[in-house]
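**Student:** model this:
(chains A and B)
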Amino acid sequence: MTIVDVKGLTKTFGKFTALDGVDLEVKKGEVFGFIGPNGAGKSTMIRVLLGMLKRDAGVATIFGRDVWSDAVEIHRKIAYVPGDVNLWPNLTGGEVIDLFASLQGDVNTMRRDELIAKFDLDPSKKCRTYSKGNRQKVALVAAFASDAELFILDEPTSGLDPLMERVFQQCVETVKAAGKSVLLSSHILSEVERLCDRVGIIRSGKLVETGTLAELRHLTRSKLYVETKVPVKGLDKFNGIYALMNSGDGWSFEADAAELNGIMTHLSTFGIKRLESAPPTLEDLFMQHYGESIVEGDS
Amino acid sequence: MGKLFKKCGRLSVFILKRDAIRLVLWVVGIAAVTLSVPPAFQELYPAQEQRDAMAETMRNPAMTAMVGPGDLQHYSIGAMTSHQMILLTAVAVAIMNILLAVRFTRAEEEAGMTEMIRSRPVGRLASLASAVVVLLVVNVVLALVIWLGLFSLGIESIGMQGAFLYGAALGAVGLFFAGISVVSAQLAESARGATTLSMLVLVVTYFVRAAGDVADSGLSWLSPFGWVTKVQPFSVNNGWPIVLLVLSALVVLTVAAVLQSKRDVGAGFIPARPGRTRASASLTNPFGLVWRLQRTGTIIWAIGLVVLGISYGSVMGDLESFFDGNELLANMLAGDSNLSVAEQFLPMLMLVMAFIATIPSVLAVQKIVSEERNGRIDHVLGRRISRTKLVLSYIGFSVMVGIVMNSLAATGLWLASQSVMTEPFTFATVIGASAIYIPAIVIMIALAVVVIGIVPKAGSLIWLYIVYAFITLYLGSLFQIPEWATRLSPYGWVPEWPTVAMDWTAEIGLLVVAILLGAVGVAGYRKRDIG
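**Tutor:** Here you go, the predicted model:
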């Protein structure tokens, strides 16, 4: 069952195209990672889904309802945590959590107190005195204490310490186990790698890649290190070998999945002494899509 | 000893440079108001009889409570200026010192800047001392500018000695409140707390003086504001209260230094109270949130409007003699000779009060834009709250503010007028004359909503329009501004009841226009991008 369904979504601000024909699907019970650097369009996408921005073209539905015209109905079952959590300086954290709960409609006091304890938040302090991480905790407690079916989390952990990040990950795993869906926008790739079933990579307003991590890995290169009995020759002549480096005893390089078979056959003729292979990390994937453009300053 | 103050001079220069514009604006602003008053009085009340008439209107408890005692027997331009202005200016100077002192001390500390400075070879008291040095400079400069400025106006009753005492009294009270504020900055843990504490001292000492002055008891001697009014430049010319002010300022500053040297960076002597851990029942819907966020400001405006009403009401008793002697002001009246001067004056006062009541109302509804800019509106709209419901909460609150503020001012006027008029107004007359302006206030709110819904960036346009409306109407009768120009604002359509007959059509018309404009604004807000 599809919870979030986006097709050909386009949003422009004046002459600037923030989203350019984005297709995206989040299925029930799935954690979908939405990655991309600052300014790629992640937050614009999320704000369109929340009905804050009006799209210029395309279809966008959540629970089968239109995100713009049925915003209020959709929001009954949504929990949203913005990346930049700004709160009212003269309200306490506890007051804000309760306010959010009552604006949502359902207050679960037990879960609220449990989460406050888990996130180690002092709810009696005014929001003015909270650090960025503590403001984020307020929003996270309010989100996970709700009975939402879909969690939209926009870089929710950028201010949390590693311990709290762990608590956050447990919360995501709990809601996932309960069959709820999560749209997690992030640029902390290790977190996405750990939590997400599927990943979408956005770049300059376009979704350039989407699929499970395994699928995405297939598209990309493995990192290899090899030592042989006889010095290797001719690696530089292969197509599909990148970042080739001689490190004294052996060679390290990256290889396209499609070329692996040929490379291995070639290497075996030199007598393989040691072979190390690392799967590509999301970071490698990411850099592959962005590396060049970041240098060019296109973000 | 020198170790404690190491680099104090360098830090003082740094603050002076960093905040040069802010400091100059404060001094120039306060001096400009002070220096523009005596020439204005000379223009309005050139003859001694006119000034004596003015003195008569001042001879009542409400006025004494507000501006303190004065030399009403010899009401020269100088005596008039010091009577009507010195106390209110002293309050302004005190506020300046509170805001600046907290900014230089606790705000810096809260933001973590003090810690960075202290990590360098800088004395433990250098930060505090540099703030005090800068405030001393500001207050001395202010005193000098006012002294020389007043004297150079060349007004007969404003002498060298009086002008010096006037300036010195203001500078001294400023220094006293600078001291109070730096002590507050030691006590409270946050800049807001320090400001609140100092403002509390200001308000309490002001009212202690008011009570003392009205009862003519020694109570006023307990308040620094009481000392200011005892100086009475241009008549009594008593310099001793100024010495008292300076000495107390030194005592308070010493207390601040002792406290500062005893505490940790970032800590305060009054620990922050833990707040509520649960929201109260009222904070569960958008309207409750709107009220909670604007509560303090609204209460302050409400007090201000009651005081304004009382001060207008307290002059109602002596209006006849006041207007008889002044052609310029008489021109501003509606001009039906069958009515008493007080009755003719009523619509004018109601208009001014309605304009002032419009300000907090428009501010209240415009808060929705700053909430959007600060990214806080997403928390509300991202939940089960529709845009219509949210914007209607703001509009509802704003209209309520308009009605309450306007009525409070009218009530204050009625209360004060009871004690000074021989034939007092009925409450119904006053509240009625005030209520007929509510539709005009609502139109201004509705216009603000149109701006919010369609061009949220153009929020300041509404203030230009309010200024236009005020100028055309308030000064319209003086400058012979054509009627169509006044009719371009909603206030121009409100009948000047009870001076002229009631015009229900105009009132209903205004309300209909307000509802239409409001609907346009709400429709716009439902359609546009948020954030």
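**Student:** Next, count neighbours for the closest residue to B:Asn238 other than its chain neighbours.
**Tutor:** Nearest residue to B:Asn238, sequence neighbours excluded (CB to CB, 6 or more residues apart in numbering or on different chains): B:Val231, at 5.6 Å. The C-beta positions use only the backbone N, C-alpha and C, and glycine is treated the same way. Residues contacting B:Val231 under the criterion other CB atoms under 10 Å in any protein chain shown number 26.
**Student:** how about B:Val231, what does it touch?
**Tutor:** Counting by CB atoms under 8 Å, 6 or more residues apart in numbering or on different chains, B:Val231 touches B:Ser82, B:Ile86, B:Leu165, B:Tyr166, B:Ala169, B:Asn237, B:Asn238, B:Gly239, B:Pro241, B:Ile242.
**Student:** same thing with B:Asn97?
**Tutor:** B:Asn97 makes contact with B:Leu135, B:Val138, B:Asn139, B:Gly174, B:Leu175, B:Phe177, B:Ala178, B:Ser181, according to CB under 8 Å, 6+ apart.
**Student:** that older thread, can you tell me which of the contacts of B:Val231 lies nearest to chain A?
**Tutor:** Closest approach to chain A among those (CB to the nearest CB): B:Ile86, at 34.9 Å.
**Student:** hang on, isn't that closest one packed against B:Ala169?
**Tutor:** Yes - when contacts are counted by CB atoms under 8 Å, B:Ile86 is listed as touching B:Ala169 (6.6 Å).
**Student:** what about the two, which has more around it?
**Tutor:** Each of B:Ile86 and B:Ala169 has its neighbours counted (other CB under 10 Å); B:Ala169 has more, 30 against 25.
**Student:** how about the nearest residue to the more buried one, chain neighbours excluded?
**Tutor:** B:Val231 (4.6 Å).
**Student:** which phi and psi does A:Leu153 have?
**Tutor:** The phi and psi values for A:Leu153, taken as degrees, to the nearest 10, are phi -120, psi 120.
**Student:** Contacts only, for it.
**Tutor:** Going by CB under 8 Å, 6+ apart, A:Leu153 touches A:Tyr80, A:Val81, A:Ala143, A:Val172, A:Val182, A:Leu183, A:Leu184, A:Ser185.
**Student:** Check what pLDDT it gets.
**Tutor:** The model reports A:Leu153 with a pLDDT of 95.
**Student:** Tell me the spacing between the residue nearest to B:Asn238 and B:Gln50.
**Tutor:** Going from B:Val231 to B:Gln50 by CB to CB, to the nearest Å gives 25 Å.
**Student:** try A:Leu183
**Tutor:** Remark: distance between A:Leu183 and B:Gln50 (CB to CB) = 75 Å.
**Student:** Give me the packing partners of the strand or helix carrying B:Arg292, helices and strands only.
**Tutor:** B:Arg292 is located in helix B:286-313, with elements delineated by DSSP states H and E. In this structure, helix B:286-313 makes packing contacts with helix B:61-67, helix B:341-373, helix B:387-420, judged by 3 or more CB pairs under 8 Å, 6 or more residues apart in numbering or on different chains; DSSP states H and E.
**Student:** got any ranges where the chain has weak pLDDT?
**Tutor:** No chain specified, so I'll use chain A. For chain A, the stretches flagged by pLDDT under 70 are A:106, A:218-220, A:289-299.
**Student:** wrong chain, I was asking about chain B
**Tutor:** Low-confidence segments of chain B (pLDDT under 70): B:1, B:320-338, B:477-478.
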